[in-house]
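K.L.:
I need the structure of the sequence given here:
(one chain, ligands or ions: 2)
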Amino acid sequence: MVRGRISGLSVRDVRFPTSLGGHGSDAMHTDPDYSAAYVVLETDAGDGLKGYGITFTLGKGTEVVVCAVNALAHHVLHKDLKDIVGDFRAFYRQLTSDGQLRWIGPEKGVVHLATAAVLNAVWDLWAKQEGKPLWKLLVDMDPRTLLSCIDFRYITDVLTEEEAFEILQKGQVGKKEREEQMLVQGYPAYTTSCAWLGYSDDTLKQLCTEALKDGWTRFKVKVGADLQDDIRRCRLIRNTIGPEKTLMMDANQRWDVPEAVEWMSKLAEFKPLWIEEPTSPDDILGHAAISKALVPLGIGVATGEQCHNRVIFKQLLQAKALQFLQIDSCRLGSVNENLSVLLMAKKFEIPVCPHAGGVGLCELVQHLIIFDFISVSASLTNRMCEYVDHLHEHFKYPVVIEKASYMPPKDAGYSTEMKEDSVKKHQYPDGEVWKKLLAARGN
Ligand SMILES: C[C@H](O)[C@@H](O)[C@@H](O)[C@H](O)C(=O)O
Ligand SMILES: [Mg+2]
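P.N.:
Numbers count the residues shown, from 1 in each chain. Ligands and ions are numbered 1, 2, ... in the order given. Sure thing, here's the model as predicted:
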């Protein structure tokens with residue numbers, strides 16, 4: 001039973017100095033400090049349950065998102081949780097249609113990241129009150145209620161609510177068996193933690209060798225800054241993992257369209273399954289042109305981690321601009337908007353391979369993709385979820401990986417809660433970790 005009125009919202013700027021070790025580095029983000037705007041919702045229900053929500057950011061960007069969360073707070077404060085989730089579509093619209101704030105969006109950029117953080121906290125609270133992990137809350141929800149969480153505005157030309165209902169109805173068949181399958185086998189994952197751009201060749205080789213021993217069979221490597229480096233690194237990885245294992249490449253938006261095609265023709269000998277974010281995330285037709293040009297090389301295009309909203313995903317699907325769709329739990333407007341994208345992907349039969357990593361993204365997105373398999377896609381063909389082995393120790397309910405698969409979370413909620421001690425230490429700029437670092441840098 002959903003209960004209580006939202007009596008408090010706090011948001012904190014939490015940063016981890018990952019750039020010091022080159023973790024997370026790519027062709028465009030050379031010194032990322034994995035960070036989060038961390039939202040906590042309290043209620044007057046007297047049950048001690050709180051809702052925790054994050055959105056993933058890099059370093060300085062966090063302070064801007066924190067401002068945006070504060071600007072949205074009045075929409076949530078003093079609301080009954082029952083009224084929020086009872087008409088979740090209306091609440092989503094209220095947040096995304098704020099007459100003044102939408103001007104700096106709409107449904108994109110900082111204000112949308114802030115929306116994600118707030119709504120992720122609402123979903124965490126809801127799942128906790130129902131005593132279920134979020135994936136299970138979604139799996140058990142009747143289709144009509146699920147659809148009442150989605151804003152179909154701007155996507156009815158490709159997916160109406162009735163079509164979405166039919167998809168969910170079809171998904172009911174075999175649902176129990178698929179849930180069993182997930183609980184036993186988990187959801188297949190691939191690793192990105194072996195091959196950040198800032199890692200030396202020795203580190204790369206060592207991490208790939210260790211990952212192979214741990215049972216990983218799918219690997220992603222960062223490319224895009226220097227062709228000769230890419231050739232050397234990709235050769236090293238291919239030789240280490242062998243010809244049968246799956247390799248993906250990620251350029252993080254580094255190239256122009258013709259450059260992407262040319263560059264990938266030089267890397268084709270290493271047999272990548274996909275090239276991720278070859279160019280600007282906003283260039284739908286550019287992605288379509290690259291997709292078309294890479295067909296003869298057997299390379300697909302993957303994108304989505306910086307895809308603004310459901311409208312851009314709709315057009316990427318309409319334009320046949322991607323072969324692998326990468327949802328992100330913190331870039332889109334939380335579970336609500338991700339549900340609409342999962343349903344569109346199902347309609348177009350494009351496999352969803354979520355973006356994860358960062359701080360907390362694995363914890364969150366595992367819920368969405370496990371739900372997707374059980375209730376929507378019903379398939380594992382060409383599907384896998386990203387995994388990155390950083391910062392899980394800061395979460396109260398960290399992901400569980402077994403045999404290179406995500407095991408479904410068992411604790412109630414959205415796995416968003418961080419350890420208070422970690423938050424305190426990493427809060428910027430007053431946490432212990434930053435005080436020391438800033439002093440050492442002479443700030
Ligand atoms: C800055 C980040 O580490 C990105 O490089 C990362 O999210 C990446 O694009 C990925 O696909 O994991
Ligand atoms: Mg990427």
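K.L.:
From now on I want contacts and neighbour counts done on CA atoms only, so please keep to that.
P.N.:
Noted.
K.L.:
For this structure, which residues are neighbours of ligand 1?
P.N.:
Residues of the chain lying near ligand 1 by Cα under 6 Å from any ligand atom: G24, S25, D26, H29, P32, N252, H355, G357, G358.
K.L.:
Tell me the one of those residues nearest C208?
P.N.:
Set against C208, the nearest of the residues of the chain next to ligand 1 by Cα to Cα is G24 (15.8 Å).
K.L.:
follow-up on the earlier one: save the residues of the chain next to ligand 1 as a markdown table, and put in neighbour count too.
P.N.:
Shown next, in a markdown table, are the residues of the chain next to ligand 1 (neighbours: other Cα atoms under 10 Å):
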| residue | neighbour count |
| --- | --- |
| G24 | 25 |
| S25 | 20 |
| D26 | 24 |
| H29 | 13 |
| P32 | 23 |
| N252 | 24 |
| H355 | 25 |
| G357 | 24 |
| G358 | 25 |
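K.L.:
which one among those residues gets closest to ligand 1?
P.N.:
Within these, the smallest distance to ligand 1 is 3.4 Å, found for G24 (Cα to the nearest ligand atom).
K.L.:
which residues touch the closest one?
P.N.:
Residues counted as contacts of G24 (Cα atoms under 8 Å, 6 or more residues apart in numbering) are T18, D31, P32, Y34, S193, W196, L197, G358.
K.L.:
make it 10 Å
P.N.:
By Cα atoms under 10 Å, 6 or more residues apart in numbering, the contact list for G24 reads 18, 30-34, 192-193, 195-199, 222, 357-358, 388, 390.
K.L.:
hmm, back to that, now, the residues of the chain next to ligand 1 that are in strands?
P.N.:
Assigned to strands by DSSP state E, none of the residues of the chain next to ligand 1 qualify.
K.L.:
Quick check: phi and psi at E42.
P.N.:
phi -120, psi 150 (degrees, to the nearest 10).
K.L.:
Pretty sure it sits against G8.
P.N.:
Yes. Counting by Cα atoms under 10 Å, G8 is a contact partner of E42 at 4.9 Å.
K.L.:
list the residues that contact both of those two?
P.N.:
K50, L77.
K.L.:
Those two: which is more packed in?
P.N.:
Ranked by neighbour count (other Cα atoms under 10 Å), E42 and G8 place E42 first, with 21 against 15.
K.L.:
what separates the more buried one from L81, distance-wise?
P.N.:
To L81, E42 is 11 Å away according to Cα to Cα, to the nearest Å.
K.L.:
swap in H426?
P.N.:
In terms of Cα to Cα, H426 sits 30 Å off from L81.
K.L.:
same thing with D44?
P.N.:
From D44 across to L81, the span is 10 Å (Cα to Cα).
K.L.:
Specify which residue of these two has the higher count of neighbours.
P.N.:
L81 (21 against 15).
K.L.:
Identify the residues contacting the more buried one.
P.N.:
Contact analysis of L81 by Cα under 10 Å, 6+ apart lists V2, R3, G4, R5, I6, T43, A45, F88, V122, L125, W126.
K.L.:
Was I right to think the fifth one contacts L77?
P.N.:
Meaning I6. Yes. I6 lies in contact with L77 (Cα under 10 Å); the separation is 5.3 Å.
K.L.:
which residues are in contact with both of the two?
P.N.:
Shared contacts of I6 and L77 (Cα under 10 Å, 6+ apart): L41, E42, T43.
K.L.:
Name the SS class of W274, please.
P.N.:
strand (DSSP: H, G, I helix; E, B strand; the rest coil).
K.L.:
Near it, how many other residues are there?
P.N.:
Residues near W274, counting by other Cα under 10 Å: 25.
K.L.:
can you check A321 too?
P.N.:
By the criterion of other Cα under 10 Å, A321 has 25 neighbours.
K.L.:
That one - nearest residue in space that isn't next to it in sequence?
P.N.:
Distances taken as Cα to Cα, 6 or more residues apart in numbering place A288 nearest to A321, at 3.7 Å, with adjacent residues excluded.
K.L.:
list the contacts for the one you found?
P.N.:
Residues near A288 by Cα under 10 Å, 6+ apart: V257, V301, L316, L317, Q318, A319, K320, A321, L322, Q323.
K.L.:
next one: H426
P.N.:
H426 makes contact with D13, V14, R15, F16, P17, S35, E420, E432, V433, W434, K435 under the criterion Cα under 10 Å, 6+ apart.
K.L.:
And the next helix or strand past the longest helix anywhere in the chain?
P.N.:
The longest helix of the chain (DSSP state H) is helix 109-130. Sequence-wise, the next helix or strand downstream of helix 109-130 (DSSP states H and E) is helix 134-140.
K.L.:
what touches both of D44 and L81?
P.N.:
Jointly contacting D44 and L81 under the rule Cα under 10 Å, 6+ apart are R3, G4, R5, I6.
K.L.:
Max pairwise distance over those residues: which two?
P.N.:
Between all members of these, the farthest pair (by Cα to Cα) comes out as R3 and I6, at 9.6 Å.
K.L.:
Give me the common contacts of those two.
P.N.:
Residues touching both R3 and I6 (Cα under 10 Å, 6+ apart): T43, D44, A45, D80, L81.
K.L.:
ok, how many other residues are close to the fourth one?
P.N.:
This means D80. Residues lying near D80 (other Cα under 10 Å) number 18.
K.L.:
what's the answer for the third one, then?
P.N.:
Here the number of neighbours of A45 (other Cα under 10 Å) works out to 15.
K.L.:
Over to the closest residue to it other than its chain neighbours: give its phi and psi.
P.N.:
In space, and not counting its chain neighbours, A45 is closest to G4: 4.3 Å by Cα to Cα, 6+ apart. Here the main-chain torsion angles of G4 (degrees, to the nearest 10) amount to phi 90, psi 160.
K.L.:
May I see the buried residues of stretch 266-273?
P.N.:
L267, F270, K271, P272, L273 (16 or more other Cα atoms under 10 Å).
K.L.:
can you check stretch 51-58 too?
P.N.:
For stretch 51-58, burial by neighbour count (16+ other Cα under 10 Å) applies to G51, Y52, G53, I54, T55, F56, T57, L58.
K.L.:
My guess is A116 contacts L364. True?
P.N.:
No. If you go by Cα under 10 Å, A116 and L364 don't touch, sitting 11.6 Å apart.
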